[in-house]
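A.B. asks: Predicted model follows, preceded by the sequence.
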Amino acid sequence: MGGKGASPDNSQVVAMQQQQAAQTANATAQTNARLQYGTNEINQLFGGTPTGASLLDLSSIANGTAPSATPQQQAAISWGEAHGNPSGAAAVQAMVPKNSLADGYSWGALPDTGGPASYGIYDPSGNLVTDATSLSDLAASKIYTGGDPNSTTGGFDDAFYNKFTNAQLGYYMPAEDRQFTQAQTGLDYGLARAGTLNSSIADTKLADLTYQDTMNKAQIQSTADTATAQLRDTVASDKNQAINQLYSTENPSTAASTAAGLVNNVQLTTPQLNPIGQLFTPIAVGTGNAIAGYTNPASYLPATGGGAAATGSGSTGSSNIIA
(Lines give C-alpha, C1' and ligand atoms only; values in the text may rest on other atoms or scores of the structure.)
Protein backbone atom coordinates (compact mmCIF):
# COMPACT_ATOMS: atom_id res chain seq x y z
CA MET A 1 0.00 0.00 0.00
CA GLY A 2 1.34 3.34 -0.87
CA GLY A 3 1.80 6.00 1.80
CA LYS A 4 -0.37 9.05 2.15
CA GLY A 5 0.29 11.82 -0.32
CA ALA A 6 1.93 15.00 0.92
CA SER A 7 -0.47 17.76 2.03
CA PRO A 8 -0.49 20.68 -0.41
CA ASP A 9 1.42 23.71 0.80
CA ASN A 10 -1.08 26.60 0.97
CA SER A 11 1.26 29.07 2.60
CA GLN A 12 1.37 31.19 -0.54
CA VAL A 13 -2.41 31.36 -0.65
CA VAL A 14 -2.52 32.37 2.99
CA ALA A 15 0.18 34.97 2.44
CA MET A 16 -1.77 36.43 -0.49
CA GLN A 17 -4.97 36.59 1.54
CA GLN A 18 -3.17 38.32 4.37
CA GLN A 19 -1.64 40.81 1.98
CA GLN A 20 -5.03 41.54 0.45
CA ALA A 21 -6.50 42.03 3.93
CA ALA A 22 -3.75 44.50 4.73
CA GLN A 23 -4.36 46.37 1.47
CA THR A 24 -8.07 46.51 2.23
CA ALA A 25 -7.35 47.90 5.69
CA ASN A 26 -5.12 50.58 4.17
CA ALA A 27 -7.74 51.48 1.58
CA THR A 28 -10.44 51.72 4.26
CA ALA A 29 -8.29 54.02 6.39
CA GLN A 30 -7.67 56.28 3.41
CA THR A 31 -11.35 56.33 2.45
CA ASN A 32 -12.40 57.24 5.97
CA ALA A 33 -9.90 60.10 6.07
CA ARG A 34 -11.03 61.31 2.66
CA LEU A 35 -14.70 61.30 3.67
CA GLN A 36 -13.95 63.17 6.90
CA TYR A 37 -11.96 65.74 4.96
CA GLY A 38 -14.79 66.16 2.44
CA THR A 39 -17.35 66.53 5.23
CA ASN A 40 -15.23 69.21 6.89
CA GLU A 41 -14.93 71.11 3.62
CA ILE A 42 -18.70 71.05 3.05
CA ASN A 43 -19.32 72.14 6.64
CA GLN A 44 -16.97 75.07 6.13
CA LEU A 45 -18.69 76.12 2.91
CA PHE A 46 -22.08 76.21 4.63
CA GLY A 47 -21.05 77.13 8.16
CA GLY A 48 -17.91 79.22 7.68
CA THR A 49 -14.32 78.80 8.82
CA PRO A 50 -12.82 79.70 12.21
CA THR A 51 -12.29 83.45 12.41
CA GLY A 52 -8.66 84.24 11.71
CA ALA A 53 -7.88 80.80 10.23
CA SER A 54 -5.63 80.57 7.19
CA LEU A 55 -5.23 78.03 4.41
CA LEU A 56 -2.32 75.66 4.82
CA ASP A 57 0.31 76.33 2.14
CA LEU A 58 0.48 73.17 0.01
CA SER A 59 2.22 74.69 -3.01
CA SER A 60 5.39 72.66 -2.41
CA ILE A 61 3.55 69.38 -2.98
CA ALA A 62 2.74 69.80 -6.68
CA ASN A 63 6.35 69.64 -7.82
CA GLY A 64 7.68 67.68 -4.86
CA THR A 65 8.92 64.13 -4.52
CA ALA A 66 7.50 61.83 -1.90
CA PRO A 67 10.22 60.21 0.26
CA SER A 68 10.57 56.47 -0.25
CA ALA A 69 11.01 53.77 2.34
CA THR A 70 14.52 52.34 2.73
CA PRO A 71 14.98 48.76 1.46
CA GLN A 72 14.89 47.55 5.05
CA GLN A 73 11.71 49.45 5.81
CA GLN A 74 10.03 48.26 2.63
CA ALA A 75 10.97 44.68 3.45
CA ALA A 76 9.47 45.03 6.93
CA ILE A 77 6.32 46.60 5.50
CA SER A 78 5.91 43.85 2.92
CA TRP A 79 6.53 41.13 5.49
CA GLY A 80 3.96 42.59 7.88
CA GLU A 81 1.33 42.88 5.16
CA ALA A 82 2.02 39.34 3.94
CA HIS A 83 1.96 37.74 7.38
CA GLY A 84 -1.18 39.17 8.87
CA ASN A 85 0.41 42.03 10.74
CA PRO A 86 -1.00 45.18 9.12
CA SER A 87 -0.54 47.21 12.31
CA GLY A 88 3.15 46.34 12.31
CA ALA A 89 3.41 47.29 8.65
CA ALA A 90 1.63 50.59 9.38
CA ALA A 91 4.02 51.29 12.24
CA VAL A 92 6.98 50.83 9.90
CA GLN A 93 5.25 52.95 7.25
CA ALA A 94 4.88 55.73 9.82
CA MET A 95 8.66 55.76 10.23
CA VAL A 96 9.19 56.51 6.55
CA PRO A 97 10.36 60.14 6.27
CA LYS A 98 7.77 62.69 5.18
CA ASN A 99 8.07 66.13 3.66
CA SER A 100 7.35 68.92 6.11
CA LEU A 101 4.63 71.52 5.69
CA ALA A 102 3.76 74.56 7.78
CA ASP A 103 2.18 74.32 11.24
CA GLY A 104 3.46 70.80 11.90
CA TYR A 105 1.72 69.17 8.93
CA SER A 106 3.53 66.81 6.56
CA TRP A 107 2.93 64.75 3.45
CA GLY A 108 4.24 61.61 1.85
CA ALA A 109 3.47 58.34 0.11
CA LEU A 110 0.73 56.15 1.58
CA PRO A 111 0.73 52.39 2.26
CA ASP A 112 -0.15 49.98 -0.52
CA THR A 113 -3.88 49.58 -1.17
CA GLY A 114 -3.60 47.26 -4.15
CA GLY A 115 -4.57 50.14 -6.43
CA PRO A 116 -2.76 53.17 -7.83
CA ALA A 117 -0.04 54.76 -5.72
CA SER A 118 -1.43 57.44 -3.46
CA TYR A 119 -0.17 60.28 -1.31
CA GLY A 120 -1.48 61.83 1.87
CA ILE A 121 -1.30 64.83 4.18
CA TYR A 122 -0.83 64.27 7.91
CA ASP A 123 -1.75 66.56 10.77
CA PRO A 124 0.74 67.43 13.55
CA SER A 125 -0.37 64.32 15.48
CA GLY A 126 0.41 62.04 12.56
CA ASN A 127 -3.23 61.42 11.61
CA LEU A 128 -4.05 61.14 7.93
CA VAL A 129 -6.11 64.19 6.85
CA THR A 130 -6.76 63.38 3.21
CA ASP A 131 -5.29 61.54 0.24
CA ALA A 132 -5.02 61.71 -3.54
CA THR A 133 -3.55 59.66 -6.34
CA SER A 134 -1.71 62.62 -7.85
CA LEU A 135 0.43 65.31 -6.29
CA SER A 136 -1.46 68.05 -8.11
CA ASP A 137 -4.75 66.88 -6.62
CA LEU A 138 -3.18 66.62 -3.17
CA ALA A 139 -1.82 70.16 -3.50
CA ALA A 140 -5.35 71.40 -4.31
CA SER A 141 -6.64 70.33 -0.89
CA LYS A 142 -8.02 73.06 1.36
CA ILE A 143 -6.95 72.71 4.97
CA TYR A 144 -7.50 75.59 7.40
CA THR A 145 -5.28 76.04 10.43
CA GLY A 146 -5.47 78.31 13.45
CA GLY A 147 -8.26 80.76 14.12
CA ASP A 148 -10.88 81.03 16.84
CA PRO A 149 -12.92 77.79 17.03
CA ASN A 150 -15.72 79.67 18.80
CA SER A 151 -16.23 82.17 15.99
CA THR A 152 -16.70 81.71 12.26
CA THR A 153 -16.31 83.80 9.14
CA GLY A 154 -18.42 83.24 6.05
CA GLY A 155 -21.12 80.65 5.58
CA PHE A 156 -24.72 81.03 6.64
CA ASP A 157 -24.56 82.44 10.14
CA ASP A 158 -27.14 84.32 12.20
CA ALA A 159 -26.12 87.60 10.56
CA PHE A 160 -27.05 86.19 7.14
CA TYR A 161 -30.50 85.09 8.27
CA ASN A 162 -31.10 88.29 10.24
CA LYS A 163 -30.32 90.32 7.13
CA PHE A 164 -32.89 88.28 5.19
CA THR A 165 -35.52 88.86 7.89
CA ASN A 166 -34.76 92.55 8.25
CA ALA A 167 -35.04 93.09 4.50
CA GLN A 168 -38.70 92.12 4.79
CA LEU A 169 -39.37 94.06 7.96
CA GLY A 170 -37.65 97.13 6.55
CA TYR A 171 -39.98 97.05 3.56
CA TYR A 172 -43.33 96.22 5.18
CA MET A 173 -43.16 97.86 8.63
CA PRO A 174 -42.78 101.46 7.32
CA ALA A 175 -45.69 100.86 4.94
CA GLU A 176 -47.82 99.64 7.86
CA ASP A 177 -46.78 102.66 9.92
CA ARG A 178 -47.84 105.03 7.14
CA GLN A 179 -51.24 103.38 6.92
CA PHE A 180 -51.64 103.54 10.71
CA THR A 181 -50.86 107.26 10.71
CA GLN A 182 -53.40 107.82 7.93
CA ALA A 183 -56.00 105.79 9.83
CA GLN A 184 -55.37 107.84 13.00
CA THR A 185 -55.80 111.07 11.04
CA GLY A 186 -59.05 109.83 9.56
CA LEU A 187 -60.29 108.73 12.95
CA ASP A 188 -59.48 112.10 14.55
CA TYR A 189 -61.26 113.93 11.75
CA GLY A 190 -64.35 111.77 12.09
CA LEU A 191 -64.43 112.16 15.87
CA ALA A 192 -64.04 115.93 15.59
CA ARG A 193 -66.95 116.15 13.16
CA ALA A 194 -69.08 114.08 15.52
CA GLY A 195 -68.06 116.19 18.47
CA THR A 196 -66.63 113.20 20.33
CA LEU A 197 -62.93 113.89 19.98
CA ASN A 198 -62.35 114.04 23.75
CA SER A 199 -64.85 111.41 24.81
CA SER A 200 -64.75 107.82 26.03
CA ILE A 201 -65.95 106.85 22.56
CA ALA A 202 -62.75 108.30 21.14
CA ASP A 203 -60.69 106.33 23.64
CA THR A 204 -62.42 103.10 22.69
CA LYS A 205 -62.03 103.65 18.98
CA LEU A 206 -58.37 104.59 19.32
CA ALA A 207 -57.75 101.48 21.43
CA ASP A 208 -59.32 99.32 18.74
CA LEU A 209 -57.26 101.01 16.03
CA THR A 210 -54.10 100.50 18.08
CA TYR A 211 -55.00 96.83 18.56
CA GLN A 212 -55.32 96.40 14.80
CA ASP A 213 -51.94 98.10 14.38
CA THR A 214 -50.41 95.61 16.83
CA MET A 215 -51.95 92.65 14.99
CA ASN A 216 -50.71 93.93 11.64
CA LYS A 217 -47.16 94.23 12.92
CA ALA A 218 -47.30 90.77 14.49
CA GLN A 219 -48.49 89.27 11.21
CA ILE A 220 -45.70 90.97 9.28
CA GLN A 221 -43.13 89.69 11.78
CA SER A 222 -44.59 86.18 11.63
CA THR A 223 -44.52 86.14 7.83
CA ALA A 224 -40.89 87.29 7.79
CA ASP A 225 -39.90 84.69 10.39
CA THR A 226 -41.60 81.93 8.41
CA ALA A 227 -39.84 82.97 5.20
CA THR A 228 -36.48 82.91 7.00
CA ALA A 229 -37.24 79.49 8.46
CA GLN A 230 -37.93 78.23 4.94
CA LEU A 231 -34.58 79.63 3.84
CA ARG A 232 -32.88 77.77 6.69
CA ASP A 233 -34.58 74.58 5.52
CA THR A 234 -33.29 75.18 2.00
CA VAL A 235 -29.73 75.57 3.28
CA ALA A 236 -30.00 72.39 5.36
CA SER A 237 -31.40 70.46 2.40
CA ASP A 238 -28.64 71.70 0.09
CA LYS A 239 -25.98 70.73 2.61
CA ASN A 240 -27.43 67.23 2.95
CA GLN A 241 -27.43 66.93 -0.84
CA ALA A 242 -23.70 67.70 -0.96
CA ILE A 243 -22.94 65.26 1.89
CA ASN A 244 -24.92 62.50 0.17
CA GLN A 245 -22.99 63.07 -3.03
CA LEU A 246 -19.72 62.89 -1.10
CA TYR A 247 -20.56 59.48 0.35
CA SER A 248 -21.90 58.12 -2.93
CA THR A 249 -18.85 59.17 -4.95
CA GLU A 250 -16.18 59.21 -2.20
CA ASN A 251 -14.82 62.20 -4.11
CA PRO A 252 -14.41 65.35 -1.98
CA SER A 253 -13.61 67.56 -4.97
CA THR A 254 -16.84 66.72 -6.78
CA ALA A 255 -18.94 67.12 -3.65
CA ALA A 256 -17.25 70.41 -2.75
CA SER A 257 -17.92 71.75 -6.25
CA THR A 258 -21.59 70.87 -5.89
CA ALA A 259 -21.69 72.44 -2.43
CA ALA A 260 -20.06 75.65 -3.66
CA GLY A 261 -22.66 75.98 -6.41
CA LEU A 262 -25.51 75.47 -3.95
CA VAL A 263 -24.00 77.99 -1.55
CA ASN A 264 -23.69 80.59 -4.30
CA ASN A 265 -27.32 80.10 -5.26
CA VAL A 266 -28.55 80.61 -1.71
CA GLN A 267 -26.38 83.70 -1.29
CA LEU A 268 -28.19 85.25 -4.25
CA THR A 269 -31.62 84.55 -2.76
CA THR A 270 -33.60 87.64 -1.79
CA PRO A 271 -37.09 87.86 -0.27
CA GLN A 272 -39.99 88.61 -2.56
CA LEU A 273 -41.24 92.08 -1.68
CA ASN A 274 -44.70 92.77 -3.07
CA PRO A 275 -46.78 95.95 -2.67
CA ILE A 276 -48.67 95.78 0.61
CA GLY A 277 -52.46 95.78 0.56
CA GLN A 278 -54.81 98.04 2.50
CA LEU A 279 -54.42 97.13 6.18
CA PHE A 280 -56.78 99.69 7.74
CA THR A 281 -60.27 100.61 6.57
CA PRO A 282 -61.91 103.97 7.23
CA ILE A 283 -63.74 104.07 10.55
CA ALA A 284 -67.34 105.24 10.43
CA VAL A 285 -67.93 107.68 13.23
CA GLY A 286 -71.39 108.87 14.20
CA THR A 287 -73.28 109.82 17.28
CA GLY A 288 -73.65 106.73 19.45
CA ASN A 289 -72.22 104.44 16.74
CA ALA A 290 -69.60 101.85 17.50
CA ILE A 291 -66.55 101.41 15.32
CA ALA A 292 -67.47 100.03 11.92
CA GLY A 293 -65.67 99.02 8.82
CA TYR A 294 -62.83 97.01 10.30
CA THR A 295 -61.68 93.93 8.47
CA ASN A 296 -59.34 91.26 9.72
CA PRO A 297 -55.82 92.57 8.98
CA ALA A 298 -54.67 89.01 8.31
CA SER A 299 -56.84 89.01 5.19
CA TYR A 300 -54.46 91.53 3.67
CA LEU A 301 -51.38 89.52 4.63
CA PRO A 302 -50.36 86.22 3.06
CA ALA A 303 -50.76 82.80 4.59
CA THR A 304 -47.32 81.65 5.66
CA GLY A 305 -47.34 78.91 3.06
CA GLY A 306 -47.88 81.42 0.23
CA GLY A 307 -45.61 82.68 -2.52
CA ALA A 308 -42.05 81.53 -2.21
CA ALA A 309 -38.77 83.03 -3.28
CA ALA A 310 -37.03 80.63 -5.62
CA THR A 311 -33.37 79.86 -5.11
CA GLY A 312 -30.93 78.94 -7.82
CA SER A 313 -30.74 75.40 -6.43
CA GLY A 314 -34.35 74.80 -7.34
CA SER A 315 -35.50 74.92 -3.71
CA THR A 316 -37.99 77.44 -2.41
CA GLY A 317 -36.86 80.12 -0.07
CA SER A 318 -39.41 82.42 1.46
CA SER A 319 -43.06 83.41 1.47
CA ASN A 320 -43.95 87.06 1.62
CA ILE A 321 -46.74 89.57 1.96
CA ILE A 322 -48.95 89.76 -1.08
CA ALA A 323 -50.85 92.64 -2.53
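C.D. replies: In hand now; what should we look at? Numbers count the residues shown, from 1 in each chain.

A.B. asks: By residue count, which helix of this protein is the longest?
C.D. replies: The longest helix of the chain (DSSP state H) is helix 200-249.

A.B. asks: Check which helices and strands that helix is in contact with.
C.D. replies: helix 11-47, helix 158-194, helix 252-267, strand 308-310, strand 316-319 (3 or more C-beta pairs under 8 Å, 6 or more residues apart in numbering; DSSP states H and E). Yep, even glycine has a C-beta here, placed from its N, CA and C like the rest.

A.B. asks: pLDDT (mean, whole number) over it?
C.D. replies: Regarding helix 200-249, the rounded mean pLDDT is 95.

A.B. asks: Off-centre distance for that helix?
C.D. replies: Relative to its chain's centre, helix 200-249 lies at 21 Å (C-alpha atoms, centre = their mean, to the nearest Å).

A.B. asks: pLDDT on the strand or helix carrying A76, on average?
C.D. replies: Using DSSP states H and E, A76 maps to helix 71-82. For helix 71-82, the mean pLDDT works out to 69.

A.B. asks: Can you report how many residues lie near S141?
C.D. replies: Residues near S141, counting by other C-beta atoms under 10 Å, number 21.

A.B. asks: Look up the closest residue to it, ignoring the ones flanking it.
C.D. replies: T130 (5.4 Å; C-beta to C-beta, 6 or more residues apart in numbering).

A.B. asks: For A256, see how far away that neighbour is.
C.D. replies: Distance of T130 to A256, given as C-beta to C-beta, to the nearest Å: 11 Å.

A.B. asks: Tell me which of those two has more neighbours.
C.D. replies: Ranked by neighbour count (other C-beta under 10 Å), T130 and A256 place T130 first, with 24 against 20.

A.B. asks: Report the central residue of this protein.
C.D. replies: F46 (2.8 Å; C-alpha atoms, centre = their mean).

A.B. asks: Now do it against Q267, distance only.
C.D. replies: 11 Å.
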